[in-house]
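**Student:** Sharing a model prediction with you, sequence too.
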2 protein chains.
Amino acid sequence: MNNAHLYRGSLATIILKLLNEHDTMYGYEIVQRVDELTHGELRLTEGALYPSLHKMTAQGLLEVKVIKIGNRIRKYYQLTESGTKETVKKLAELEQYIKTMRALVNPRFR
Amino acid sequence: MNNAHLYRGSLATIILKLLNEHDTMYGYEIVQRVDELTHGELRLTEGALYPSLHKMTAQGLLEVKVIKIGNRIRKYYQLTESGTKETVKKLAELEQYIKTMRALVNPRFR
DNA sequence: TATTATGCATAATATTTTTATGTATTATTT
DNA sequence: AAATAATACATAAAAATATTATGCATAATA
């Protein structure tokens, strides 16, 4: 993973979209899912994930439900209404970014 | 420009590719060119551009030629051999990034 | 029983970028 | 002629984000 730098700024988009698809997910699950979906291309680190989840929760984009599995806890995250809107917005922004980068980088797209 | 966060990490790729196309360019010209090509979508700030140019020069990716236009100077940047290789690499990384993001974000691409 | 996997979390550091300035020359508008 | 805008470089403070390195604890597996 030498192109990690490009993923800077994409983390929230990824998390929101996954939650949008899966209804509820917990942190560890998100890490695993990203690893699967990208075939190891993108290694989502906990040091990035958890602060991001906390931030989006504080912003009202996510809701948390704490569940006990035996003696171990899981924190299930779910999109709020506002979070769903933000997801749509972020996906549109990603599309725009890709278009713009193509225009910059690929003369065919000009 | 509300999706600025996505461009984090893309700056070097953009600069290298533009230099790859135009042979030589100076800083101010790069700002203008990006503005034109993206129809104002991406506003490249000098505070980001100049340090990045200096860094890549220090890394041996770019060469500078200082030219006087009247009493005003221009610093023309040009890819070195190593810079050309790096450009190819960075463009491949961008393509990979886009593929990966599509896989994450667009179930159609799985 | 030792190791790996699960599951949370934070703190120090590094990197990159934005925002805010700063200096100076040349061109254009009032 | 004077004021403003455009050209052209640059850096410094602050903000944002992510990596790396830990830490704690439980459950499963070798």
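**Tutor:** Looks like it arrived, so ask away. Residues are numbered from 1 along each chain as shown, chains lettered A, B, ... in the order given.
**Student:** how much does the longest helix belonging to chain A deviate in direction from helix B:81-105?
**Tutor:** Of all the segments of type helix in chain A, defined by DSSP state H, the longest one is helix A:81-105. Helix A:81-105 and helix B:81-105 meet at an angle of 150 degrees, taking axes from the mean of the first three to the mean of the last three Cα atoms, to 10 degrees as the criterion.
**Student:** From the contact counts, what lies against helix A:81-105?
**Tutor:** Applying 3 or more Cβ pairs under 8 Å, 6 or more residues apart in numbering or on different chains; DSSP states H and E, one finds that helix A:81-105 contacts helix A:11-22, helix B:4-7, helix B:11-22, helix B:27-37, helix B:81-105. To be clear about C-beta, it is placed using only N, CA and C from the backbone, and glycine gets the same treatment.
**Student:** By mean pLDDT, show me the worst of those.
**Tutor:** Among those, helix B:4-7 carries the lowest mean pLDDT, a mean of 92.
**Student:** Can you mark which positions in it are buried?
**Tutor:** Neighbour counts over helix B:4-7 (16 or more other Cβ atoms under 10 Å in any protein chain shown) mark B:5-7 as buried.
**Student:** returning to what we had before: I'd like to check what contacts the longest helix of chain A. Which residues are they?
**Tutor:** Here helix A:81-105 makes contact (Cβ atoms under 8 Å, 6 or more residues apart in numbering or on different chains) with A:10, A:12-13, A:16-17, A:19-20, A:56, A:60-62, A:79, A:109-110, B:2-3, B:6-7, B:10, B:13-14, B:17-18, B:34, B:37-38, B:41-42, B:91, B:94, B:98, B:101, B:105.
**Student:** Quick one: closest of the helices and strands packed on helix A:81-105 to residue B:66.
**Tutor:** Of all those, it is helix B:27-37 that lies closest to residue B:66, at 11.8 Å by Cβ to Cβ.
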